[in-house]
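1. Attaching a predicted model along with its sequence, questions to come.
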Amino acid sequence: EREREREREREREREKLRERERERERERETEREKKRQREIEREKPVARPGSFNLERQMASLHLSSPGSSNRFQRATFASLFLSVLSVLSFLSFLNPDSFPRDSGAIPDRQGCTAC
């Protein structure tokens, strides 16, 4: 009888250990999921008008997985291209004479290129 009781006690202890191990595995899985979510957030391009967070973008480029790196580079390039384009259009608005005109446009100074 005592032997059976000891065996039951050992079985209860083993079950407790198994339950603790399952709990640890659930915690590890939760941590892995949080890490995946942080990676996904880090890969998203920063799209705030007027602010370029290049250090974060470059760090994010190095930390992101190889598959998403290409997509991120395209998004960064498109963002940079649009920014340069908007700066150029703003400058041409400020001083339109310093930028070349369309070749089909009618010259408004009777063909004088010096003035």
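-> Yes, it's here. Quick caveat: nothing in here was measured; it's all calculated off a predicted structure.
2. Could you report the separation of Thr30 from Lys44?
-> Distance of Thr30 to Lys44, given as Cβ to Cβ, to the nearest Å: 22 Å. The way it works is simple: take the backbone N, C-alpha and C, and place the C-beta from them, glycine included.
3. same deal with Leu82?
-> 17 Å.
4. before we move on, what about Ala78?
-> Relative to Lys44, and taking Cβ to Cβ, Ala78 is found at 14 Å.
5. next one: Leu94
-> Taken as Cβ to Cβ, the span from Leu94 to Lys44 is 34 Å.
6. now Glu31
-> With distances taken as Cβ to Cβ, Glu31 is found 21 Å from Lys44.
7. Kindly report the same for Phe90.
-> Phe90 is 27 Å from Lys44, by Cβ to Cβ.
8. Same question for Arg26.
-> 28 Å.
9. Of Leu94 and Lys44, give the one with the bigger neighbour count.
-> Between Leu94 and Lys44, counting by other Cβ atoms under 10 Å, Lys44 is the more crowded of the two (11 against 7).
10. Mind giving me the packing neighbours of the helix ranked longest in the chain?
-> Longest helix in the chain, counting residues (DSSP state H): helix 2-43. For helix 2-43, the packing partners by 3 or more Cβ pairs under 8 Å, 6 or more residues apart in numbering; DSSP states H and E come out as helix 54-63.
11. The helix or strand following the helix it packs on packs against which elements?
-> Later in the chain than helix 54-63, the nearest helix or strand by DSSP states H and E is helix 66-94. Packed against helix 66-94 by the contact rule (3+ Cβ pairs under 8 Å, 6+ apart) you find helix 54-63.
12. Return the helix or strand in the protein with minimum mean pLDDT.
-> Least confident helix or strand of the chain, by mean pLDDT, DSSP states H and E, is helix 54-63 with a mean of 57.
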